[in-house]
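Would you be able to build a 3D model of this:
(one chain, ligands or ions: 2)
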Amino acid sequence: MTKTSLIFDCDPGVDDAIALFLAFAARDEVDLLGVTTVAGNVAAALTARNACILREIAQREDVPVAAGCERPMVRAPIDAGHFHGQTGLGDLPISTPQKGVEAIHGVDFIINAVMSRPSDTVTVAVTGPMTNLAMAMVKEPRLSRRLARIIAMGGARSEGGNITASAEYNIYADPHAAQVVAESGTPLVMMGLDVTHQVRAAARHIDAIAAIGGPVSKACVNLFGFMDRTEKALASGGDAPQHDLCPMAYLLAPTLFTLRPCRMEVETSSPLTSGHTAVDFRHRDSPQPHIKWAISADADGIFALLTDHLSR
Ligand code: BDR
Ligand code: CA
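Ligands and ions are numbered 1, 2, ... in the order given. Okay, the predicted model is just below:
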């Protein structure tokens with residue numbers, strides 16, 4: 001089986017952490033070229049450190065971590081610390097990781113990794129604001145044609161928003177970057193709230209992961225517990241959605257999702273609706289064929305996939 005060459009661009013973040021553990025565990029299917037981090041849920045220095053902590057727990061020090069942009073392209077930074085805790089990792093014990101970040105900036109890491117490999121061989125998964133990827137596309141205009149595809153968590157159509165009435169956090173945090181990526185022409189799979197709100201960690205899913213045992217299982221249970229309490233206190237009152245798990249789950253098992261081709265533009269100017277993803281399934285005669293929007297997911301299948309990989 002040919003492995004997928006992957007760059008994982010993220011802002012860990014409690015749900016990014018679960019997705020990263022899946023990426024670290026998928027050794028048979030994924031050649032994880034590197035993890036790049038960005039300012040988002042918490043400040044850039046913390047997301048980079050958190051990625052190193054998670055890498056250490058997963059014993060994947062072979063994977064480079066490169067710290068990227070410290071602020072969005074245009075708008076002022078906005079974090080989501082209320083959903084991720086002060087450290088960005090909820091209640092997870094924080095220690096200084098043995099191995100730190102690479103000397104290279106995350107944007108240059110993406111450019112070098114993609115441009116030094118053949119066209120259409122590198123996938124980028126994005127689970128934070130799209131700043132690093134958009135900046136890489138601006139700095140190296142050949143990048144978008146060279147990338148195989150992007151699988152991103154972001155946006156909302158039927159679900160409205162989770163940071164404002166009409167915007168999802170990752171897009172709201174850097175709408176200009178999201179628009180650069182949407183316009184790039186690179187094949188793009190969008191996992192928005194419409195689908196991530198279907199993927200909620202129920203007690204039976206968490207119990208199955210707890211039964212695995214070991215440091216990664218223990219960390220996941222800790223993170224799920226924090227997300228559960230936060231979701232119940234501050235958001236829907238139900239089980240916690242695993243937004244960032246969706247891109248990795250799609251990469252490993254695309255049949256767990258249903259997608260529709262769409263046109264998508266990002267609102268970048270209106271103060272009221274900034275970060276809104278205008279997703280249009282019409283215009284079948286002239287769709288933007290490079291964008292696909294996820295509309296449904298098999299949640300039990302996704303958690304079974306996670307449990308299976310973490311058991312390996
Ligand atoms: C997204 O926002 C962040 O807070 C989460 O990590 C996820 O990437 C969900 O809207
Ligand atoms: Ca995230």
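
SS state for Thr273?
Thr273 falls in the coil class when you classify it by DSSP: H, G, I helix; E, B strand; the rest coil.

List the contacts of it.
Contacts for Thr273 (Cβ atoms under 8 Å, 6 or more residues apart in numbering) come out as 164, 166-167, 267. Where C-beta positions appear, they are placed from N, C-alpha and C, glycine not excepted.

Could you measure from Ala299 over to ligand 2?
Here Ala299 is placed at a distance of 19 Å from ligand 2 (Cβ to the ion, to the nearest Å).

so that residue touches Arg200, yeah?
Yes. Using Cβ atoms under 8 Å, Ala299 makes contact with Arg200 at a distance of 6.7 Å.

re the thing from before, just among the contacts of Thr273, which is most surrounded?
Of all these, the most densely surrounded is Ala167 (26 neighbours; neighbours counted as other Cβ atoms under 10 Å).

Identify the residue spatially nearest to it, adjacent ones excluded.
Excluding its sequence neighbours, the residue lying closest to Ala167 (Cβ to Cβ, 6 or more residues apart in numbering) is Gly275, at 3.4 Å.

what helices or strands is the lengthiest helix in the chain leaning on?
Longest helix of the chain, by residue count under DSSP state H: helix 215-234. The contact analysis (3 or more Cβ pairs under 8 Å, 6 or more residues apart in numbering; DSSP states H and E) places helix 215-234 against helix 14-25, helix 44-57, helix 81-84, strand 200-201, helix 203-210, strand 240-241, helix 299-311.

Packing partners of the fifth one?
Okay, so that is helix 203-210. Short answer (3+ Cβ pairs under 8 Å, 6+ apart): helix 203-210 packs on helix 215-234, helix 299-311.

between those helices, which one is nearest to Lys99?
Set against Lys99 and scored by Cβ to Cβ, the helices and strands packed on helix 203-210 come closest in helix 215-234, at 16.0 Å.

roughly how far is that closest one from the heart of the chain?
Centroid separation for helix 215-234 versus its chain: 17 Å, with Cα atoms, centre = their mean, to the nearest Å.

Past the strand or helix carrying Ala152, which element shows up next along the chain?
Using DSSP states H and E, Ala152 sits in strand 149-153. Per DSSP H and E, strand 149-153 leads on to helix 169-173 as the next helix or strand towards the C-terminus.

any residue of that following helix up close to ligand 2?
No. Among the residues of helix 169-173, none lie within reach of ligand 2 under Cβ under 5 Å from the ion; the closest is 6.3 Å away.

as a whole number, average confidence for that helix?
On average, the pLDDT along helix 169-173 is 98.

Kindly report the same for stretch 8-22.
In this model, stretch 8-22 has a mean pLDDT of 98.

measure Gln179 to Arg312 for me?
As judged by Cβ to Cβ, to the nearest Å, Gln179 and Arg312 stand 39 Å apart.

Revised request: answer the last question for Val65.
Val65 is 22 Å from Arg312, by Cβ to Cβ.

Among these two, which residue is more densely surrounded?
Val65 (27 against 9).

Which residues of the stretch 101-250 of the chain lie near ligand 1?
Within the stretch 101-250 of the chain, the positions adjacent to ligand 1 are 127-128, 153, 162, 168-170, 243-244 by Cβ under 6 Å from any ligand atom.

Among those residues, which one sits closest to Asp15?
Of all those, the one sitting nearest Asp15 is Asp244; the distance, using Cβ to Cβ, is 4.3 Å.
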